[in-house]
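1. the amino acid sequence is not available; the structure is as follows:
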């Protein structure tokens, strides 16, 4: 093909010479052959040099400079001949396109080969230069050199399929290895230069950069930033700063010292919470140390603190609010003026953090919290009130205190004008104990809760209007919370111990009683709540409190009622229909009922108000009597012996019942008391006595029993005789 090419080129030359257009133009085929030979020699020389450098470890670099010069000279020759071909042959030969195309392709192949050789030489130079930078501690230069050459190898600038060139994949692999090695060296250098550690209660921050460069810290940090390693290392640095320094500073009393030029030591001296000013000062000292030894400008317009900001500033601001500013908010209005000093210190710290670039200018988290002290104070006081109230409600209910009607002059109620007083008709006498709370026992926690509510109202009276309104509504919420917490938290005790149910009932009623007038005592003090002519009332909470108290006592009453019914139903009374005598279980059942009622008298008698106790005891005894009346009146046959035993047994209830109602007649509180006594009378009476007692339906028996029940008892007690039939006929 070379011979054909020469023949065709000679023919073209003869034609051009004949036309007089060639003149003294060069011999292009000869030139190209010479360039190909030079290119082949250059590749051989480059290969020999690389082998001697990396296989035989030769140290002579003169050959590399010679090869570089030859490459530049060869590139210039290729460009010159290419320009000559374009300038002379292409413009004058129209009919010899195929020959011209072959000539052009040949010179392009030579050019591509030169590009590949140039890539190889560039990579070789990059490896050499990178290693030299590493030895000198110029980490940024090494990173840039290797990155630039690796990009060159990865880019497919040549039109050749580079994967078919066997040396290029190997070069890529070697470049990647060199870059990974550099990354490892840089990270190791950072770990050895910036050391944060903790031993016991002592934390240490040590900076010890080494190297021949002028600014080793800037060199290393910029190299990590360029190699995209900085963020990973800053995450680790942020974690160590939090754990070893910031968390102890924010939560404990610490001592911070710079013992050496580049060493910061933190020692925890006490677990007590430090003052905000102390914390802010140590936070500033920590970041001052960081800025002195590690603050470096990073391209294009960033810095180390700027890179650290998104990793650390949100957490730091949140912890400053939670652990420093929030506890510093006063608990009482009289301490509120002392908080201005904390506000000033917070502004100084925020300004410093913004200046060093750790906190963004628009991030005003700690500033807004410190300046919004009125709302935060109100929230804190309200939160503390509710938390303390909840703890009071969880106290044991059996710790009691005695309460009773107070004297009017002892109550702190302001005098009212005559027109504001309630008009009472002159002929409307009020009982002496009207509006008075009866003597009884309440849980000590109820009194503590009431004192806490008054304390909250006192704070509201001396606070700003916004805070005053929130505190007043928090006091209202305390009593709503009592209605929810007490029945739930003490549910097991209330259901099993009647005394605690009675105490919870009394406590609810006592709180309700106090709330009726509590708002009026603060009418003048809480003008922000009441407005003009209004009253900060708590009266609307009274029905709910009374409802909770009544439900608690009623639930206990239902449990006692069901227990008494179960005793009577298992006592063996229905067996009288078949047995001639009363079983021993019936007598045992009545005794158990009396014992239960006597026990309730002991646990309720001194706890509940007198009238409430009498009504509760009367309700339970009435349930017993109704159950006995129902059982006995439903029997179809009662023998004479059984009747006598029933009279004796039921007579025990009648005899011992008055002791359950000291100073009162049982009939006032037991609805079936009269009916039960008439039942006992019938069980021991004759037909004639029953007839006289009935009195045509107008006697005592007729007042308590309907005719059908009387007939049923007569049939059960007496045999079927003409006398019984006559008496039954009269009962109607």
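-> Thanks, I have the structure now. Source: prediction; values computed, not measured. Residues are numbered from 1 along each chain as shown.
2. how about residue 695, what does it touch?
-> 701, 702 (C-beta atoms under 8 Å, 6 or more residues apart in numbering). Yep, even glycine has a C-beta here, placed from its N, CA and C like the rest.
3. pretty sure it sits in a strand.
-> No. Checked against DSSP: H, G, I helix; E, B strand; the rest coil, residue 695 lies outside a strand; its state is helix.
4. what's the distance between it and residue 565?
-> Distance from residue 695 to residue 565, counting by C-beta to C-beta, to the nearest Å: 33 Å.
5. ditto for residue 340
-> From residue 340 over to residue 565 (counting by C-beta to C-beta), the distance is 69 Å.
6. those two: which is more packed in?
-> Neighbours were tallied for residue 340 and for residue 565 using other C-beta atoms under 10 Å; the higher tally belongs to residue 565 (15 against 11).
7. any idea which element that one lies in?
-> helix 542-569 (DSSP states H and E).
8. tell me which residues of the very next helix or strand once past that helix come out buried.
-> Downstream of helix 542-569, the first helix or strand assigned by DSSP H and E is helix 584-605. Buried residues in helix 584-605, counted by 16 or more other C-beta atoms under 10 Å: 586-587, 589-590, 592-594, 596-597, 600-601, 603-604.
9. closest to residue 320 among these?
-> residue 603 (55.2 Å; C-beta to C-beta).
10. got the phi and psi for residue 273?
-> phi -70, psi 130 (degrees, to the nearest 10).
11. turn the buried residues of helix 584-605 into CSV, columns for distance to residue 253 and pLDDT.
-> CSV is the format used below for the buried residues of helix 584-605 (distance: C-beta to C-beta, whole Å; pLDDT from 0 to 100):
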residue, distance to residue 253, pLDDT
586, 77, 86
587, 76, 88
589, 71, 91
590, 73, 91
592, 66, 94
593, 68, 94
594, 68, 95
596, 62, 95
597, 64, 95
600, 58, 96
601, 60, 95
603, 53, 94
604, 55, 95
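12. just how off-centre is the helix holding residue 565 within its chain?
-> 39 Å (C-alpha atoms, centre = their mean, to the nearest Å).
13. what angle separates it from helix 584-605?
-> Helix 542-569 runs at 160 degrees relative to helix 584-605, counting by axes from the mean of the first three to the mean of the last three C-alpha atoms, to 10 degrees.
14. same for helix 542-569, what does it pack against?
-> Identification of packing neighbours for helix 542-569 by 3 or more C-beta pairs under 8 Å, 6 or more residues apart in numbering; DSSP states H and E yields helix 465-489, helix 491-496, helix 498-518, helix 584-605, helix 610-633.
15. tell me the buried residues in that helix?
-> Quick answer for helix 542-569 (16+ other C-beta under 10 Å): 542, 545-546, 548-549, 552-553, 556-557, 560-561, 564, 567-568.
16. ok, now stretch 355-362?
-> 356, 357, 358, 359.
17. tell me the mean pLDDT for it?
-> For stretch 355-362, mean pLDDT is 92.
18. compute the first-to-last residue distance for that stretch.
-> 12 Å (C-alpha to C-alpha, to the nearest Å).
19. and residue 426, how many neighbours?
-> Neighbours of residue 426 (other C-beta under 10 Å): 5.
20. please, which helix or strand holds it?
-> Counting by DSSP H and E, residue 426 is part of no helix or strand.
21. quick check: what element follows whichever strand or helix holds residue 231 along the chain?
-> In this structure, residue 231 is located in helix 230-241 according to DSSP H and E. From helix 230-241 onward toward the C-terminus, using DSSP H and E, the following helix or strand is helix 247-251.
22. roughly how far out does that next one sit from the chain middle?
-> 21 Å.
23. phi first, then psi, for residue 296.
-> According to degrees, to the nearest 10, residue 296 has phi -140, psi 140.
24. my bad, residue 194
-> According to degrees, to the nearest 10, residue 194 has phi -120, psi 110.
25. and the buried residues of stretch 355-362, which is closest to residue 625?
-> residue 359 (80.3 Å).
26. that's a helix at that closest one, yeah?
-> No. Using three-state DSSP, the assignment for residue 359 is coil, not a helix.
27. how close does it sit to residue 552?
-> Taking C-beta to C-beta, one finds residue 359 at 55 Å from residue 552.
28. where does the stretch 101-250 of the chain dip in pLDDT?
-> For the stretch 101-250 of the chain, the stretches flagged by pLDDT under 70 are 103, 113, 116, 119-120, 123-130, 133-134, 136-137, 149-168, 170-172, 211-214.
29. can you do 50?
-> By pLDDT under 50, the low-scoring segments of the stretch 101-250 of the chain are 159-160, 162.
30. OK, contacts around residue 474?
-> Contacts of residue 474 (C-beta under 8 Å, 6+ apart): 381, 382, 385, 386, 456.
31. try residue 343
-> 370, 371, 373.
32. out of the residues you listed, who has the most neighbours?
-> residue 370 (27 neighbours).
33. can you tell me the element it falls in?
-> Going by DSSP H and E, residue 370 is part of helix 365-371.
34. residues contacting residue 480?
-> 541, 544.
35. show me where pLDDT drops low in this structure?
-> For the chain (pLDDT under 50), the answer is 1-13, 15-25, 57-59, 61, 159-160, 162, 408-409.
36. so where do the strands sit in it?
-> 194-199, 202-207, 253-260, 263-270, 297-298, 302-303, 400-403, 440-443 (DSSP state E).
37. helices or strands up against the first one?
-> In other words, strand 194-199. strand 202-207, helix 230-241.
38. can you point out the buried residues in the helix holding residue 370?
-> Within helix 365-371, judged by 16+ other C-beta under 10 Å, the buried ones are 365, 366, 367, 369, 370.
39. residue 563: what's it in contact with?
-> residue 596.
40. switch the cut-off to 10 Å
-> With contact set as C-beta atoms under 10 Å, 6 or more residues apart in numbering, residue 563 has these partners: 592, 593, 596, 620.
41. over to residue 574?
-> 586, 631, 632, 634, 635.
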